[in-house]
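Asks: would you be able to build a 3D model of this:
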Amino acid sequence: MPKALAAMAALTVSLVVPVLGFAQETAASQKSLAEQLVDAFTAVFGAHPGMRANHPKGVVLEGTFTPSASAASVSKAAHLKKQKKPVPVTVRFSAGSGLPSVPDTNDMPRGMAVKFSLPDGSKTDMVVLSYNGFPVATAEEFRDFLLAIASSGPDASKPTAIETFLSTHPAAKTFVETPKPPPVSYGTVAYFGINTFKFTNAKGATILGRYQLQPLAGAQYLAKEQVSDKGPDYLTAEIHDRVHRGPITFKLLVQVAEAGDKIDDPTIAWPDTRKTIELGTIAITKAVADSQAAEKKLLFVPGALTPGIEAADPMIAARSAAYIVSLSRRVQTNDKAK
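Replies: Now for the predicted structure:
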């Protein structure tokens, strides 16, 4: 593993392990849940050496984050404090599939990952999805969901494994059946945090909340008749053109939980009536010169947090561990190819 990537992985582990305690092996002879999750993605989408197990198709851009006046009342996190200058961010938009060449015209969720470069040189990450909610409540159920898909090919006997799974998991059935049309742009999609975090301000006051990223351009999607006119990589071309014309901006919000809201079950989207607090503005200002090269050096981890923000949902630990397993495998593949 190259020294830079090895150091990045080690740093991520040092951040995530003590805070989240995700490294819980079942037994010496068995694979960890994180490894099982990555294997499950491979079972569904096939092996693509050197690529991410999920969301391998993406595009990397750069910009800044400017906290709002209300951000510090929510959390003492370094990037949410009043700044002399905006905080640099690296942003990766991605297709919600494990296929590196999946057409952008497919119906599927879209992903957005943001890495904040904090004033002290440390990093903190945010990973969000264009679907408000999640198909399952736990990481174990997510593994089973993927394995059910993998074993339900055209020759599978009826009812297939995925049909059986969906019959007992209504949130997963809703997720599968909900339309996820191709957007006009990665910059015209609203993105939602999958899991709940605990935010603590400088006075020790806390709230529980989930992230939302709302595009200032508004949510815009292609009409069915427009999709056939688009190429398989239109979103990458479009975002390059859009950012060349001016900043792409998102408002970062936190939706605040109320008493009785499930904080450890991401299948349940909280009502729109819940209070939201504006945390700041992300302004994406340029595309990186070589996105593919940049992606190989990047790791976004939901549990790579900074003081003032803590995980409140156990799934964050499992997701973070799986991201690191995926990184390890793709880096090892790239090393062998040299």
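
Asks: hmm, S94 is touching A113, no?
Replies: Yes: at 7.3 Å, S94 counts as touching A113 under the criterion of CB atoms under 8 Å. Yep, even glycine has a C-beta here, placed from its N, CA and C like the rest.

Asks: please name the residues that touch D107.
Replies: Residues in contact with D107 (CB atoms under 8 Å, 6 or more residues apart in numbering) are 179-182.

Asks: distance of it from V127?
Replies: Distance of D107 to V127, given as CB to CB, to the nearest Å: 21 Å.

Asks: and what of T168?
Replies: Applying CB to CB, the value for T168 to V127 is 28 Å.

Asks: returning to what we had before: who wins for neighbours among the contacts of D107?
Replies: Neighbour counts for the contacts of D107 (other CB atoms under 10 Å) peak at P182, which has 23 neighbours.

Asks: phi first, then psi, for it.
Replies: With angles defined as degrees, to the nearest 10, P182 sits at phi -60, psi 130.

Asks: that one: what's it in contact with?
Replies: Neighbour list for P182: 104-107, 221-222, 227, 230, 235 [criterion: CB under 8 Å, 6+ apart].

Asks: for A139, same thing?
Replies: Listed by CB under 8 Å, 6+ apart, the contact partners of A139 are 33, 37, 314-315, 318-319, 322.

Asks: ok, now G246?
Replies: By CB under 8 Å, 6+ apart, G246 lies in contact with nothing.

Asks: which phi and psi does it have?
Replies: Backbone geometry at G246, expressed as degrees, to the nearest 10, gives phi 160, psi 170.

Asks: quick one: average pLDDT of stretch 127-139?
Replies: The average pLDDT within stretch 127-139 is 98.

Asks: likewise for stretch 295-315?
Replies: For stretch 295-315, mean pLDDT is 96.

Asks: use 597 as the first number for this chain going forward.
Replies: Done: numbering now begins at 597, and the last item shifts to stretch 891-911.

Asks: for the stretch 647-796 of the chain, which spans come out with low pLDDT?
Replies: By pLDDT under 70, the stretch 647-796 of the chain has no low-scoring segment.

Asks: mind jotting down where the helices sit in it?
Replies: Listed in chain order, the helices of the stretch 647-796 of the chain (DSSP state H, counting those that start in this stretch) span 667-670, 735-746, 757-764, 766-773.

Asks: near G856, how many other residues are there?
Replies: 5.

Asks: now stretch 685-701, how far from the chain's geometric center?
Replies: 11 Å (CA atoms, centre = their mean, to the nearest Å).

Asks: all strands of this protein, in order?
Replies: Assigned by DSSP state E, the chain shows strands spanning 654-663, 683-691, 706-713, 719-725, 787-789, 793-796, 802-811, 844-852, 872-883, 905-907.

Asks: now those in TSV, with mean neighbour count and distance to F641?
Replies: Conversion of the strands of the chain to TSV gives the following (neighbours: other CB atoms under 10 Å; distance: least, CB to CB, whole Å):
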stretch	mean neighbour count	distance to F641
strand 654-663	22	15
strand 683-691	22	11
strand 706-713	22	15
strand 719-725	23	17
strand 787-789	24	22
strand 793-796	21	29
strand 802-811	20	26
strand 844-852	21	28
strand 872-883	19	26
strand 905-907	21	27
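
Asks: buried set for stretch 631-648?
Replies: Under the neighbour-count criterion of 16 or more other CB atoms under 10 Å, stretch 631-648 has 631-641, 644, 646-648 buried.

Asks: I'd assumed D909 was in contact with A733.
Replies: No: applying CB under 8 Å as the test, A733 and D909 come out as separate, 9.6 Å apart.

Asks: so in terms of bridging, what pairs with the most centrally placed residue in the chain?
Replies: The chain has V723 as the residue nearest its centroid, 3.0 Å off, counting by CA atoms, centre = their mean. On the basis of DSSP bridges, V723 is bridged to A709.

Asks: contacting residues for it?
Replies: By CB under 8 Å, 6+ apart, the residues touching V723 are 707-710, 790, 896-898, 915.

Asks: distance of G800 from I859?
Replies: Counting by CB to CB - G800 and I859 are separated by 19 Å.

Asks: what of G654?
Replies: G654 sits 29 Å away from I859 when distances are taken as CB to CB.

Asks: and what of I920?
Replies: 24 Å.

Asks: tell me which of the two has more neighbours.
Replies: More crowded of I920 and I859, by other CB under 10 Å: I920, with 22 against 17.

Asks: I'd say that one and S628 touch.
Replies: No: between I920 and S628 there is no contact under CB under 8 Å: 10.5 Å.

Asks: tally of neighbours for D751?
Replies: Neighbours around D751, by other CB under 10 Å: 6.

Asks: what of the one 4 residues further on?
Replies: Burial measure for P755: 12 neighbouring residues, criterion other CB under 10 Å.

Asks: what residues are up against H765?
Replies: 731-732, 737, 741.

Asks: the same query, at a cut-off of 7 Å, please.
Replies: H765 is in contact with V732, counting by CB atoms under 7 Å, 6 or more residues apart in numbering.

Asks: nothing else from me, thank you.
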